[in-house]
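Student: output the structure for:
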Amino acid sequence: MPETTKNKLIEKEIEVEGHLIDSMILTRIWDRIIELGGDFETIEFRVGKHKTDTSYARILVKGQNPQHLENILREIYPLGAVPFRTAEVKTAPAPADKVFPDNFYSTTNNPTQVYFKGEWIEVEGIMMDKVIVIDPQAKRAFCKPIREVKKGDLIVTGEEGIRVNMQDGARISRKRQRGLFHGGHDKGTKVHLQEKF
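Tutor: Down below sits the predicted model:
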């Protein structure tokens with residue numbers, strides 16, 4: 001395999017914008033990459049001059065192999081990082097009432113947006129450990145608990161095209177951020193649970 005092709009498989013550019021220094025978001029992203037055995041190169045870093053200005057960083061994240069890189073990205077996206085060249089959010093229809101599709105995305109309680117039809121859309125009614133459903137006609141995205149999922153609902157899957165905005169840079173444990181299901185189940189496993197609230 002040519003070296004350039006090989007490198008493309010184990011590197012991905014991400015970007016993050018916000019109060020990166022005061023909130024320690026950038027430090028947490030860098031630390032998480034290293035903790036997981038990855039590496040990174042900061043390609044661009046702009047610091048806001050005034051207290052109200054945001055900072056911006058573009059980072060090349062490196063993994064040992066494609067799966068390792070994917071695991072690292074899955075950990076840093078909820079910290080506010082997004083792919084540098086944003087891809088459309090991916091969806092799959094719910095196969096039945098109260099059943100999620102494979103690789104569904106489970107929400108955190110932080111404000112979240114999805115990249116749909118060329119623009120970022122705010123996810124309405126954000127709650128932790130729910131799924132994001134997209135209404136393509138209304139161009140809306142909203143959270144749904146499993147008990148409200150209907151067959152055919154377009155449910156967000158994977159990590160692409162999702163942006164999580166950390167609230168005031170609050171430190172939130174990784175276990176709490178990922179939630180109960182956040183991509184942690186095996187592909188091919190259908191999830192059919194009864195919620196009791």
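Student: CA atoms for contacts and neighbours, from now on please.
Tutor: Fine.
Student: domain map for this structure?
Tutor: As given by automatic domain parsing, the domain ranges for the chain are 3-83, 90-188.
Student: where among those domains is average confidence lowest?
Tutor: Among the domains of the chain, domain 90-188 carries the lowest mean pLDDT, a mean of 81.
Student: which parts of the chain are helices?
Tutor: 3-10, 25-35, 66-76, 174-178 (DSSP state H).
Student: buried ones in the third one?
Tutor: Residues of helix 66-76 classed as buried under the neighbour-count rule (16 or more other C-alpha atoms under 10 Å) are 66, 68-70, 72-76.
Student: so which of the residues you listed is the closest to R163?
Tutor: For those, the closest approach to R163 (C-alpha to C-alpha) belongs to I76, at 10.8 Å.
Student: how deep is the spatially closest residue to that closest one that is not a sequence neighbour tucked in, by neighbour count?
Tutor: Nearest in space to I76, with sequence neighbours left out and distances taken as C-alpha to C-alpha, 6 or more residues apart in numbering, is I29 at 5.9 Å. I29 has 23 neighbours, counted by other C-alpha atoms under 10 Å.
Student: cool, K51 as well?
Tutor: By other C-alpha under 10 Å, neighbour count at K51 equals 8.
Student: repeat that for R46.
Tutor: 11.
Student: what residues are up against it?
Tutor: Going by C-alpha atoms under 8 Å, 6 or more residues apart in numbering, R46 touches 55-57.
Student: now, those residues that are in strands?
Tutor: 55-57 (DSSP state E).
Student: output these as CSV; include the columns distance to K139 and neighbour count.
Tutor: Below are those laid out as CSV (distance: C-alpha to C-alpha, whole Å; neighbours: other C-alpha atoms under 10 Å):
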residue, distance to K139, neighbour count
S55, 29, 19
Y56, 28, 18
A57, 29, 18
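Student: wait, which of those is closest to E17?
Tutor: Taking the ones in strands among the contacts of R46 together and measuring to E17 by C-alpha to C-alpha, the closest member is Y56, at 4.4 Å.
Student: show me what contacts the nearest residue to the closest one once chain neighbours are set aside?
Tutor: Leaving aside its sequence neighbours, Y56 sits nearest to E17 (C-alpha to C-alpha, 6+ apart; 4.4 Å). By C-alpha under 8 Å, 6+ apart, the contact set of E17 is 54-57, 80-81.
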